[in-house]
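Engineer: Below are the sequence and a predicted model for it; my questions follow.
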Amino acid sequence: MKKIFFSILSLCFVFTASIKAQKTLDKGYIKMEITDVSSADEQMAAMLEMMKGTQTEIFFADGNHMSKMDMMGGMVKMQTLFQKEGESIDMLFDMMGQKMHIATTTKEMEAKNGDQKDAMEGMEIVYDEEDTKEILGYKCVKAKVMDPKTKKAMVEMYISREIKADSKMLQGMQHFDLEGYPLELIMNQPQMSLTLATVELKEEVDTSVFKLNTDGFTKMTFDEFSEKMGAMGGGGFGF
């Protein structure tokens, strides 16, 4: 059960009527929600149902971005702040009262996640210009991340080329260069399927959100965090 929980946790790490189609959005706020889950494994299906409704908030402006996630009814909370200057990354992780602050950089993260990058080697992004939909006022085109070995889509998504937020803010998208921002994703894994959909989108953002409150959090390195999470979950955490 614990391994299933951490597998799901690692996988998850990410509207206003006045917004008009074709408008470029280079700063704003996006709220995404896990709207659909499924698994043939009964134990995993039960855990996934607990994840349903989990929301991720994304704030972006001037090359900086912040993501916030609140899961399991507040039992697990995550904040990740990327600052363009220095390419620094600060993660705040609160799991049932255990509060950790991980300070790192994009260069260090890339070095630590080299195995994930290797696993993505050869993956092809295929765009279907004929398959489109409008999501919260933005025209989106379908894109698939295809596994060259199985010829199956690992991830299906609808992306908007008008939204200039960095798609790498979303967990699982770090190794792909997309032509826009995905407003809907369907992640297909061997044991599960998960849909993440945008439920709210605003064109303004309060930049005070980029100032983290780290009071009460224990600061540690990325290696220390990975070791701690590995001991708790029986394996790597997959950031």
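Structural biologist: Okay, I see it.

Engineer: Mind pulling up the pLDDT for Gly235?
Structural biologist: For Gly235, the model assigns a pLDDT of 43.

Engineer: Equivalent analysis for Asp118, please.
Structural biologist: Here the pLDDT value assigned to Asp118 is 51.

Engineer: Same question for Gln55.
Structural biologist: 89.

Engineer: what sits against it?
Structural biologist: Neighbour list for Gln55: 31-34, 69-70, 199 [criterion: Cβ atoms under 8 Å, 6 or more residues apart in numbering]. In this view, the C-beta of every residue, glycine as well, is placed from N, C-alpha and C.

Engineer: Among those residues, which ones are in strands?
Structural biologist: 31-34, 69-70, 199 (DSSP state E).

Engineer: Considering the contacts of Gln55, which possesses the most neighbours?
Structural biologist: Using other Cβ atoms under 10 Å as the neighbour test, the contacts of Gln55 are led by Met32, with 24 neighbours.

Engineer: Just give the closest residue to Gly216, not the sequence neighbours.
Structural biologist: Leaving out its chain neighbours, the residue that sits closest to Gly216 by Cβ to Cβ, 6 or more residues apart in numbering is Lys99, at 5.5 Å.

Engineer: That neighbour should be in a helix, yeah?
Structural biologist: No - according to DSSP: H, G, I helix; E, B strand; the rest coil, the state of Lys99 is strand, so it is not within a helix.

Engineer: give me the number of residues near it?
Structural biologist: Neighbour count for Lys99, taken as other Cβ under 10 Å: 15.

Engineer: Relative to Ile135, how far out is it?
Structural biologist: Applying Cβ to Cβ, to the nearest Å, the value for Lys99 to Ile135 is 35 Å.

Engineer: One more: Asp62?
Structural biologist: In terms of Cβ to Cβ, Asp62 sits 25 Å off from Ile135.

Engineer: The residue nearest to Gly216 bridge partners, please.
Structural biologist: Here Lys99 sits in beta bridges with Asp94, as judged by DSSP bridges.

Engineer: just use 503 as the starting number from now, easier for me
Structural biologist: Taking 503 as the first residue, the last one we looked at is Lys601.
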